[in-house]
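Trainee: how does the following fold in three dimensions:
(chains A, B, C, D, E and F)
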Protein chains: 6
Amino acid sequence: MDEVYISEISWPVFEEKIAAGAPVFLPVGATEQHGPHLPLGVDVFLPAAVAANLARRLGGLVAPPIPYGYKSQARSGGGQQFPGTTSLSAHTLTLVVKDVIHDLGLHGARRFVIVNGHCENAWPLVEGLDLAMTELRRDGISGTKAMRLEYWDFIRPETLERLFPDGYPGIELEHASLLETSLMLLVRPDLVSPELMPDDGPAEFPPYDVTPVPKGLVPASGVLAVAQGATKESGQLLMDDYVTLISEAIAKEFDL
Amino acid sequence: MDEVYISEISWPVFEEKIAAGAPVFLPVGATEQHGPHLPLGVDVFLPAAVAANLARRLGGLVAPPIPYGYKSQARSGGGQQFPGTTSLSAHTLTLVVKDVIHDLGLHGARRFVIVNGHCENAWPLVEGLDLAMTELRRDGISGTKAMRLEYWDFIRPETLERLFPDGYPGIELEHASLLETSLMLLVRPDLVSPELMPDDGPAEFPPYDVTPVPKGLVPASGVLAVAQGATKESGQLLMDDYVTLISEAIAKEFDL
Amino acid sequence: MDEVYISEISWPVFEEKIAAGAPVFLPVGATEQHGPHLPLGVDVFLPAAVAANLARRLGGLVAPPIPYGYKSQARSGGGQQFPGTTSLSAHTLTLVVKDVIHDLGLHGARRFVIVNGHCENAWPLVEGLDLAMTELRRDGISGTKAMRLEYWDFIRPETLERLFPDGYPGIELEHASLLETSLMLLVRPDLVSPELMPDDGPAEFPPYDVTPVPKGLVPASGVLAVAQGATKESGQLLMDDYVTLISEAIAKEFDL
Amino acid sequence: MDEVYISEISWPVFEEKIAAGAPVFLPVGATEQHGPHLPLGVDVFLPAAVAANLARRLGGLVAPPIPYGYKSQARSGGGQQFPGTTSLSAHTLTLVVKDVIHDLGLHGARRFVIVNGHCENAWPLVEGLDLAMTELRRDGISGTKAMRLEYWDFIRPETLERLFPDGYPGIELEHASLLETSLMLLVRPDLVSPELMPDDGPAEFPPYDVTPVPKGLVPASGVLAVAQGATKESGQLLMDDYVTLISEAIAKEFDL
Amino acid sequence: MDEVYISEISWPVFEEKIAAGAPVFLPVGATEQHGPHLPLGVDVFLPAAVAANLARRLGGLVAPPIPYGYKSQARSGGGQQFPGTTSLSAHTLTLVVKDVIHDLGLHGARRFVIVNGHCENAWPLVEGLDLAMTELRRDGISGTKAMRLEYWDFIRPETLERLFPDGYPGIELEHASLLETSLMLLVRPDLVSPELMPDDGPAEFPPYDVTPVPKGLVPASGVLAVAQGATKESGQLLMDDYVTLISEAIAKEFDL
Amino acid sequence: MDEVYISEISWPVFEEKIAAGAPVFLPVGATEQHGPHLPLGVDVFLPAAVAANLARRLGGLVAPPIPYGYKSQARSGGGQQFPGTTSLSAHTLTLVVKDVIHDLGLHGARRFVIVNGHCENAWPLVEGLDLAMTELRRDGISGTKAMRLEYWDFIRPETLERLFPDGYPGIELEHASLLETSLMLLVRPDLVSPELMPDDGPAEFPPYDVTPVPKGLVPASGVLAVAQGATKESGQLLMDDYVTLISEAIAKEFDL
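Mentor: Sure thing, here's the model as predicted:
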């Protein structure tokens, strides 16, 4: 027990750490298809792992990860039609984030880092955070500051070059592909089935959404790009980048 | 990996199990003070453990536990004023349950068991489930059946007699007390600090709520009764009762 | 006219009484089946009568009772499937309570007693009251205190012994049964049809909810225990207990 | 007991009457200042009395009146600033009406008459009814028809001439004035204090709203026109008109 | 460019004008049938034109008109069943108004004039404005004042006599009729098709709503009274009245 | 009048066009700062112009543009702190889109194209559209198909090369910069003040959000990149690309 998870510490320990200024990390994920070789919880496991590493390094706390995210979209996650993809409406997710941040603020937390692990969550998180901050102000609480980020945006160019020697195709199609598979080989290798990696990608998406999702638009496997080539070592490189670069950003914003 | 957690299986495995009629268990917990000797996540760890045991026995699946519950009340959990107790409003929790059950229903799940681990969740769960069932009917989906239960209601009288030779004081004050501490010694002993068990209980509550919570009403430790005497063996007895009796109830209701 | 009902006094009288510190009682009921021998409004008539008696004794005011409650549940009220049972969703009832308490607070009321007459209302009342108190604080209003109670929890052991010489089976099944029938014989005897008391109870419920409500689970009459033996005298004993014990509690909490 | 009030009949009686096609009347009122000579419940007492008379004549049922209405406005009711005026937000009232009509529809009611007793309620009632009808359609229920009316719109010209020999100033200012006072002398004379009728009216309102309500805009008494001259006989004339004309309208719309 | 439309000025110009105390006009309209001779946007074009004229005269700003209004009703606009009538629910429109007024208040606007162009909008505007004022108070902003009006209520008796020499039938049926047609001939003559004026009016409505709208209740054309006789000159007379009388009211309320 | 704007056509014309299968375009914008040289309505003017051009080419209709968008964010629009930026909460915007699409669907529209002009709107549009499609299905309406797009994503590489000979910095910072300024010079040149173009950009943003927006993060002018070099000719090139490429996409999706 390293005392970074709020769920694993007692209330007196929580009180002490918050009084000492501990930043609180809130990982937000999803229950979403990630191809036949990865489990439905990838978008929770990864931001939770990133957040825990950050909290260990920075003396922070990790709030219980929100395990359900906003509805999967065809172009970023394959879409809701994949079995098992279980999501919240935008309003619901917004309210969850609002309530959690608000309550933590009432308990004295003043520094928040929302670590998003599911692309589609971005805007409900923005809104939930904004509403929480407004409510805290109306409750007479000031001095609160929050960061909100997608962990995958913190990667050094040299890492991308090493992982994608033929050129990085961009984050858009990286769903259940090389990056996430590598990270899962690092974080939860017991849940990866490399032998089941499909080869029906990469997807080719038009620059717009269509509703309902047209048949054939999304690769049948749910993998949007290519997972082949993923390694635990690449996962470690990525995790090192995330932790290093996000730590630097947090230290700068929170004067740590 | 025993393939009971939805977060740990891939979508094709989910699809296969649902097609085979697997009941889906949804544990719902809380992030709530449980005294100085237990962590804030007790109400998640315990129903998740019960649900996993049930799923293993019955061939079911466990949806990701909802880690935030309805606001803690003085007489059942000490109240929101304890540091770290981080909760959802009733409407938010209701919407979360509605969305999750609804999406699972759209994916073919027809048998649900909501396993509640936090007393205050009961009514938002009732309402969320009712709304989900209504929406599924409006979506043209029939044949859905759901059970909703508090796991602690499934205990044999002889177990209570053995654990409380001087008489069972009732479930009302068992917050962070002998039952939960015993179960945590079984499920997550690494998170129990027996040396920190307080002795400022049991609480004596009047038969009504007062808002705001009066000072002195709740024992300062947050433990409402008495934790002393908790053992892992007692936890095993309790878990055996829960799994046996709930399994029987499920088998009866779902004709398993 | 004894000037306890807000609906029966003019605004200057209201203003005067509130300025004098009158506690405001808010009875909350339901429109719910109560067997063939009792009317659908039992859960309104009874808490309204209790509240009026309390207000008379304590110099308080009774706000108009909320006549629709949260959805009836099989194990406590028979369930929504009984004709005439007309209910609000949890969110709606919560908002009603929030709006009413909030407006009364804006008009200067500082002491509230919510008198619940329908088991299923408990949690929406908790939430509505909590939201109202938060809003009042945000409006700059302090010094507000509220009690929330189920009237049937205020009964002396000797009364139970007298009414149930063979042992009290517990409040859970007392829907439309001996206690409520006795009270109705006291409060609205014109609405009781003793000759229609059924004898298909008591119900035997499992310790969990099932949705939809299984056929045969609830006695066809809607009476969950046994109404036979109810008398006006028993109703008077109960009412005396309620008024005496709740008055004492209020006096203690509000320093009356 | 004349068996028109749903709160006063048992569920089997309700079932029988609904099966026979009984129209259901839903009176909706307010808790609102009505000057120093009238009680705060005028807007509930009057539509409830009208509805009961209609139900008796037409074999209908009266649902429990909704005792809280939409926020009082300066030009029609004096405004929220008067002590005791206790209101619901528009959304709350809308949801209440939606839930009540919806549940009654699920129980087989197909003919509804919403009898409004508080001017400001009109649009939340329109919306609540519309939402209920949409939900009932989505639940597969057809054949539902509803009327929505303000009772005071059903008055014969000759009655107005008799009551206002100097010319009818219009319904706009009739708050707590001659019409409502006369009706209260008929319906609840015990709650009228003729000796307290003020003489600070009639109000002179501009053709627009101002927020917040300017000081001096509304007569200090809360009576917007003139109550003097009210009699029980005038009240009876009015009630006769309402019941006769509304009955005719209902008979026409529902083919009774 | 005359710098009255917020959409047409830059943020520094907005800032300057608001700092100088410019009142902000918010026109609110609808997308609603107006017969075969008028376009669906009448209820937006007209209040926007009135507001722009007022802003020019008074040094005010016009916020972007809200182009969708509350659901059309049979007796005032023909009803939702007419093709093209595209509306918001009451709650949605309320939230839009709340958000817009609230944001403008956060930017320093203190004087608001909501100019309604669609009868059915009245109450959602009342509520949205009330909620915005409450939120602004909770945000610590004081000194805000707002007017809310229907532009057609500002007309001199002599104008009505001139336009309706045979007597003014009242505003109730003036939907898509002489007044609106005259105004459109002034404001957007390119969108008027006088040759398509129908002659199936005027409607004869009972004093109550019926849901669903009975067949034959509303004239098939959607014109509720009579459009014949509309002229641009009449439109100018009306516009002059509106601008003159509303300007006087604003000057009085805002001490301009 | 070219009969593409729904606000400018009568209901019979609307009915005819919808019956003929006309796709309906819904432009969604914002009222947001766009530097000192552009007006606050840029995000409405541009998608409305694109939509009108598309509708003319494809025989479609343009619904009234939604003039208020989701809250401006620092990294994409400068943030809410700029005077005049007037926004909706995510839930409000979602409901507006849901209501509008739903009503149009009830009137027979089956092909929708939501044309977004404000980056921050993307997810509320996704959600509003999803909710509308669900409601239409529950209303028994099938065969509906919708596209949702940001117009700026439809640009040929050669156009970018021509406009940015030194390399395209990416869409992220193009707020109030070369692209939008060029388009405004084409669409509403009367509202562009080239002499006021600032030179305090481009912004340098970190890859995360910070709340509240730190001082100095956003260029004081509100222009995130560089507007210099914008020309009407470039605006025409862009518009041509948008209309050509989006038309092709629509034709493909809707089999036109």
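Trainee: show me where chain A has its strands.
Mentor: Ranges of strands in chain A, per DSSP state E, are A:24-28, A:61-62, A:111-116, A:145-150, A:209-211.
Trainee: surely A:Ala251 touches A:Gly59?
Mentor: No - counting by Cβ atoms under 8 Å, A:Ala251 stays clear of A:Gly59, with 11.2 Å between them. No exception for glycine: its C-beta is placed from N, CA and C like everyone else's.
Trainee: show me what from the stretch 101-250 of chain A comes close to chain F.
Mentor: Taking Cβ under 8 Å from any Cβ of the partner chain as the contact definition, the stretch 101-250 of chain A meets chain F at A:120, A:122-124, A:126-127, A:129-131, A:133, A:145-150, A:153-154, A:206-212, A:214, A:249.
Trainee: list only buried entries from these.
Mentor: The neighbour count (16 or more other Cβ atoms under 10 Å in any protein chain shown) marks A:120, A:122-124, A:126-127, A:129-131, A:133, A:145-150, A:154, A:206, A:208-211, A:249 as buried among those.
Trainee: just give me the residue closest to the centre of chain A.
Mentor: The centroid of chain A falls nearest to A:Gly117 when counting by Cα atoms, centre = their mean (1.4 Å).
Trainee: against chain D, how distant is the closest residue to that residue other than its chain neighbours?
Mentor: Excluding the flanking residues, the one nearest A:Gly117 by Cβ to Cβ, 6 or more residues apart in numbering or on different chains is A:Pro47, at 3.1 Å. A:Pro47 is 35 Å from chain D, where distance means Cβ to the nearest Cβ, to the nearest Å.
Trainee: so what's A:Pro47 up against?
Mentor: Residues near A:Pro47 by Cβ atoms under 8 Å, 6 or more residues apart in numbering or on different chains: A:27-29, A:65, A:115-117, A:151.
Trainee: do A:Arg137 as well
Mentor: E:Asp139.
Trainee: from chain A, which residue is nearest to chain D?
Mentor: A:His91 (14.4 Å; Cβ to the nearest Cβ).
Trainee: correct me, but that residue touches F:His91?
Mentor: Yes - under the criterion of Cβ under 8 Å, A:His91 makes contact with F:His91 at 5.2 Å.
Trainee: just put the strands of chain A in TSV and tack on distance to D:Leu95.
Mentor: Below are the strands of chain A laid out as TSV (distance: least, Cβ to Cβ, whole Å):
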stretch	distance to D:Leu95
strand A:24-28	30
strand A:61-62	38
strand A:111-116	32
strand A:145-150	33
strand A:209-211	29
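Trainee: report how many residues lie close to the closest residue to A:Ser89 other than its chain neighbours.
Mentor: Excluding its sequence neighbours, the residue lying closest to A:Ser89 (Cβ to Cβ, 6+ apart) is B:Asp99, at 5.7 Å. The tally of other residues near B:Asp99 (other Cβ atoms under 10 Å in any protein chain shown) stands at 23.
Trainee: report pLDDT for B:Asp99.
Mentor: Among the per-residue scores, B:Asp99 shows a pLDDT of 98.
Trainee: I figured it hits A:Ala90, correct?
Mentor: No - assessed by Cβ under 8 Å, B:Asp99 is found out of contact with A:Ala90, at 10.4 Å.
Trainee: find the residues that touch each one of those two.
Mentor: By Cβ under 8 Å, 6+ apart, no residue touches both B:Asp99 and A:Ala90.
Trainee: any idea how far the residue nearest to A:Gly79 when sequence neighbours are not counted is from chain C?
Mentor: The spatial neighbour of A:Gly79 that comes closest, neighbours along the chain excluded (Cβ to Cβ, 6+ apart), is A:Val213 at 4.6 Å. Applying Cβ to the nearest Cβ, the value for A:Val213 to chain C is 31 Å.
Trainee: mind checking how far A:Asp241 is from B:His34?
Mentor: 37 Å (Cβ to Cβ, to the nearest Å).
Trainee: equivalent analysis for A:Tyr70, please.
Mentor: The separation that A:Tyr70 has from B:His34, given Cβ to Cβ, amounts to 31 Å.
Trainee: ditto for A:Val24
Mentor: 19 Å.
Trainee: between the two, who's got more neighbours?
Mentor: Neighbour tally, A:Val24 and B:His34, criterion other Cβ under 10 Å: the higher count belongs to B:His34, 32 against 27.
Trainee: which pLDDT value goes with that one?
Mentor: pLDDT, read off for B:His34, is 98.
Trainee: excluding its backbone neighbours, what's nearest it?
Mentor: Distance criterion Cβ to Cβ, 6+ apart; nearest residue to B:His34, sequence neighbours excluded, is B:Ala176 at 4.0 Å.
Trainee: phi and psi next, for the one you found.
Mentor: phi 60, psi 20 (degrees, to the nearest 10).
Trainee: contacts only, for it.
Mentor: Counting by Cβ under 8 Å, 6+ apart, B:Ala176 has contacts B:33-35, B:37-38, B:42, B:222-224, B:227.
Trainee: which among those residues count as buried?
Mentor: Of the contacts of B:Ala176, these count as buried by 16+ other Cβ under 10 Å: B:33-35, B:37-38, B:42, B:222-224, B:227.
Trainee: out of these, who's nearest chain F?
Mentor: Among those, and counting by Cβ to the nearest Cβ, the member closest to chain F is B:Gln33, at 28.1 Å.
Trainee: who are the contact partners of that closest one?
Mentor: Contacts of B:Gln33 (Cβ under 8 Å, 6+ apart): A:10-11, B:40, B:72, B:77-78, B:82-85, B:176, B:222.
Trainee: let's see it at 7 Å
Mentor: Residues near B:Gln33 by Cβ atoms under 7 Å, 6 or more residues apart in numbering or on different chains: A:11, B:40, B:78, B:82, B:84-85, B:222.
Trainee: ok, so of those, who is nearest A:Leu104?
Mentor: B:Gly84 (8.7 Å; Cβ to Cβ).
Trainee: ok, longest helix in chain A?
Mentor: Counting residues, the longest helix found in chain A (DSSP state H) is helix A:232-254.
Trainee: who does it touch, helix- and strand-wise?
Mentor: Judged by 3 or more Cβ pairs under 7 Å, 6 or more residues apart in numbering or on different chains; DSSP states H and E, the packing partners of helix A:232-254 are helix A:42-58, strand A:145-150, helix A:157-163, helix A:178-187.
Trainee: quick one: closest of these to D:Met197.
Mentor: strand A:145-150 (59.2 Å).
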